[in-house]
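> A predicted structure for the sequence below; I have some questions about it.
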Amino acid sequence: MNVLGTGAFGVVYLAKHMETSKYYAMKMLEKEKIVKFKQIEHSYYEKKILCGLNFPFCVYMKYFFKDNVYLYYILPFIPGGEMFSQLRKMGKFEEMSSKFYAAQVILALEYLHACELVYRDLKPENILIDRNGYIKLTDFGFCKLIRGRTWTLCGTPEYLAPEIILSKGYGLTVDWWSLGILLFEMSAGYPPFYASDPMRIYEKIVSGKYRTPTHFSTELKDLITRILQIDTTRRFGNLKNGVLDFKMHKFFKDIDWDGLLSNRMTAPFLPKIRTAGDTSYFENYDEEKIKESPICLYEEEFADF
Ligand SMILES: Nc1ncnc2c1ncn2[C@@H]1O[C@H](COP(=O)(O)OP(=O)(O)O)[C@@H](O)[C@H]1O
Ligand SMILES: [Mg+2]
């Protein structure tokens with residue numbers, strides 16, 4: 001089977017529906033690993049959230065099931081690959097491209113936040129490019145319904161908001177921080193707070209100091225500065241105008257927000273998809289050995305799945 005991606009708890013395969021011959025992405029999570037890493041609750045959230053999602057820039061659940069060893073989420077197959085691969089291939093994106101992608105991320109986060117969902121894992125690996133060049137957020141493994149604040153430490157070092165690192169209670173605004181990191185990384189080719197050791201990354205993040213490449217436009221610099229605010233009461237997205245502050249910002253002046261939602265804007269890059277199950281935009285991974293068991297493992301823990 002063709003592996004599309006791997007993560008901490010599972011593997012994502014390209015799967016073909018036998019009756020319809022349609023292709024899907026199949027995320028397989030090993031129950032044993034979920035239990036070992038204390039992610040039972042997160043796996044339930046992920047399933048529930050995927051089942052409820054209905055937005056043009058997010059994947060959603062087509063089918064789900066479980067067997068003796070694994071949990072399975074069947075999602076639409078998004079053939080253009082990760083934004084991560086495209087970004088590494090190009091080095092960095094033109095600001096026009098960053099803008100096109102960031103605008104969709106803003107609409108996706110606006111949607112999730114309206115549902116009281118915090119996403120918590122925004123990064124180029126979790127943003128897929130669809131055949132029309134538009135994006136789809138995938139990986140709702142850390143997504144959670146929150147009313148008020150939460151405390152769990154999760155996410156990816158470079159993209160963590162300072163309030164998460166400082167173990168303060170935090171809210172939806174951590175997603176806006178990671179949008180700031182994403183905007184920087186897309187246009188620079190590297191993230192603003194970077195080191196080989198995570199502890200050094202955290203020190204840099206909580207210091208709030210970073211250097212902007214000289215090629216960034218004034219508008220982009222201004223926008224990133226307004227987002228990467230340590231003080232959450234000053235952070236863009238969390239001010240009294242909410243998401244409107246992004247939509248009205250100079251950097252996004254040529255974004256037609258309604259047009260974007262209905263696919264009327266031209267995408268900066270269109271993947272060349274040759275056949276329905278074309279995986280050429282995904283990295284090559286070694287086949288994973290699929291485990292079997294004669295008895296149902298962790299039956300109780302996942303009884304309600
Ligand atoms: N719907 C999808 N279509 C195509 N590839 C996908 C899809 N969902 C996930 N992938 C690939 O699998 C990788 C891992 O999936 P993800 O849900 O992010 O798992 P993890 O929680 O392990 O990071 C993604 O980064 C992406 O490359
Ligand atoms: Mg992921």
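Thanks, I have the structure now. Ligands and ions are numbered 1, 2, ... in the order given.

> what helix or strand is the closest residue to residue 53 other than its chain neighbours located in?
With sequence-adjacent residues excluded and distances taken as CB to CB, 6 or more residues apart in numbering, residue 53 is closest to residue 60, at 4.3 Å. C-beta: built from backbone N, CA, C; applies to glycine. Assigned by DSSP states H and E, residue 60 belongs to no helix or strand.

> is stretch 140-157 positioned near ligand 1?
Yes. Judged by CB under 6 Å from any ligand atom, stretch 140-157 and ligand 1 are in contact via residue 141.

> pull the residues that contact that stretch.
7, 9, 39, 42-43, 45-46, 49-50, 53, 112, 115-121, 123, 164, 167, 169-172, 174, 178, 198, 201-202 (CB atoms under 8 Å, 6 or more residues apart in numbering).

> tell me if I'm right that residue 30 and residue 9 touch.
Yes. Counting by CB atoms under 8 Å, residue 30 touches residue 9, with 6.5 Å between them.

> OK, contacts around whatever residue of the stretch 51-200 of the chain ends up closest to ligand 2?
In the stretch 51-200 of the chain, the residue that lies nearest ligand 2 is residue 139 (3.7 Å; CB to the ion). With contacts defined as CB under 8 Å, 6+ apart, residue 139 is in contact with 7, 121, 125-126.

> count of neighbours near the spatially closest residue to residue 10 that is not a sequence neighbour?
In space, and not counting its chain neighbours, residue 10 is closest to residue 29: 3.9 Å by CB to CB, 6+ apart. Counted with other CB atoms under 10 Å, residues neighbouring residue 29 total 26.

> mind listing the residues bridging to residue 29?
residue 10, residue 71 (DSSP bridges).

> mind listing what it touches?
9-10, 43, 70-73.

> does residue 136 touch residue 53 like I think?
No. Using CB under 8 Å, residue 136 is not in contact with residue 53; the gap is 10.3 Å.

> now list whatever residues contact both of the two.
residue 59.

> hang on, residue 184 in a strand?
No. Judged by DSSP: H, G, I helix; E, B strand; the rest coil, residue 184 forms no part of a strand; its state is helix.

> so who does residue 3 touch?
Going by CB under 8 Å, 6+ apart, residue 3 touches 11-14, 285-288.

> cutoff 7 Å now
11, 13, 285, 287-288 (CB atoms under 7 Å, 6 or more residues apart in numbering).

> what of residue 242?
Contacts of residue 242 (CB under 7 Å, 6+ apart): none.

> quick check, pLDDT for it.
If you check residue 242, the pLDDT there is 98.

> distance check, it against ligand 1.
Using CB to the nearest ligand atom, to the nearest Å, residue 242 is found at 28 Å from ligand 1.

> neighbours around the residue of the chain found nearest ligand 1, how many?
Distances between the chain and ligand 1 by CB to the nearest ligand atom are smallest at residue 7, namely 1.4 Å. Taking other CB under 10 Å as the neighbour definition, residue 7 ends up with a count of 13.

> next one: residue 264
The number of residues packed around residue 264, counting by other CB under 10 Å, is 9.

> read off the pLDDT value for the spatially closest residue to it that is not a sequence neighbour.
Excluding the flanking residues, the one nearest residue 264 by CB to CB, 6+ apart is residue 256, at 6.9 Å. Among the per-residue scores, residue 256 holds a pLDDT of 97.

> any idea how far residue 256 lies from ligand 2?
Using CB to the ion, to the nearest Å, residue 256 is found at 30 Å from ligand 2.

> that residue touches residue 266, doesn't it?
No. Look at residue 256 against residue 266 with CB atoms under 7 Å: they stay out of range, at 10.7 Å.

> so those two - more neighbours on which side?
Comparing residue 256 with residue 266 by other CB under 10 Å, the one with more neighbours is residue 256, at 12 against 9.

> gap between the more buried one and residue 53?
24 Å (CB to CB, to the nearest Å).

> equivalent analysis for residue 300, please.
28 Å.

> also residue 88?
Distance, residue 88 to residue 53, by CB to CB: 28 Å.

> compare the two and say which is more crowded by neighbours.
Using other CB under 10 Å, the more surrounded residue of residue 88 and residue 53 is residue 53, with 20 against 13.

> was I right about that one contacting residue 47?
No. Counting by CB under 7 Å, residue 53 stays clear of residue 47, with 11.2 Å between them.
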